[in-house]
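*Asks:* give me the fold of what follows.
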Amino acid sequence: MTTFPAIPVIDAREGGPPLIARVAEAKMRALLARARGIISPPALVAADHVARRWLARADNPYLAEIDSVAVLLGRPGAYALNTSYEWCCTSAVGPDPKGGCG
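*Replies:* All right, here's what the predicted structure looks like:
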């Protein structure tokens with residue numbers, strides 16, 4: 001039988017994502033380090049700049065929280081990683097391996 005690690009429970013009602021970022025800071029920094037291994041530092045800086053501007057133009061309701069995470073990190077990456085799902089960089093589309101259409 002496969003066992004999985006417990007999902008951490010963080011009461012973020014009073015601290016929101018910035019609190020979660022502080023609690024999970026080591027994992028967040030490891031994720032950013034991995035991204036920096038895939039994306040060159042200049043490209044990450046550029047992606048972060050574009051992502052921050054896009055979030056501001058879109059009037060993203062979470063921008064202040066992402067800003068606080070970026071301050072906590074103290075280096076580029078928070079905005080780019082936050083928007084990577086919206087920009088489809090973390091998903092893929094391909095044919096159904098079983099040949100179906102749904």
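*Asks:* could you dump the longest helix along the chain to PDB, C-alpha only?
*Replies:* When the chain is parsed with DSSP state H, its longest helix is helix 41-57. Coordinates of each C-alpha in helix 41-57 appear next as PDB, following Å, rounded to 0.1, in the frame of the first residue of the first chain:
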ATOM      1  CA  PRO A  41      18.300  34.700 -14.700                       C
ATOM      2  CA  PRO A  42      17.800  37.500 -17.300                       C
ATOM      3  CA  ALA A  43      14.700  35.600 -18.700                       C
ATOM      4  CA  LEU A  44      13.200  35.200 -15.200                       C
ATOM      5  CA  VAL A  45      13.700  38.900 -14.500                       C
ATOM      6  CA  ALA A  46      12.000  39.800 -17.800                       C
ATOM      7  CA  ALA A  47       9.200  37.300 -17.200                       C
ATOM      8  CA  ASP A  48       8.700  38.700 -13.700                       C
ATOM      9  CA  HIS A  49       8.500  42.200 -15.000                       C
ATOM     10  CA  VAL A  50       5.900  41.300 -17.700                       C
ATOM     11  CA  ALA A  51       3.900  39.200 -15.300                       C
ATOM     12  CA  ARG A  52       3.800  42.000 -12.700                       C
ATOM     13  CA  ARG A  53       2.600  44.500 -15.300                       C
ATOM     14  CA  TRP A  54       0.000  42.000 -16.600                       C
ATOM     15  CA  LEU A  55      -1.300  41.400 -13.100                       C
ATOM     16  CA  ALA A  56      -1.600  45.200 -12.500                       C
ATOM     17  CA  ARG A  57      -3.300  45.800 -15.800                       C
END
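*Asks:* for the helix or strand following it, buried residues please.
*Replies:* The C-terminal neighbour of helix 41-57 among helices and strands, as given by DSSP states H and E, is helix 63-73. Using 16 or more other C-beta atoms under 10 Å as the test for burial, helix 63-73 gives Glu65, Ile66, Asp67, Ser68, Val69, Ala70, Leu73. To be clear about C-beta, it is placed using only N, CA and C from the backbone, and glycine gets the same treatment.
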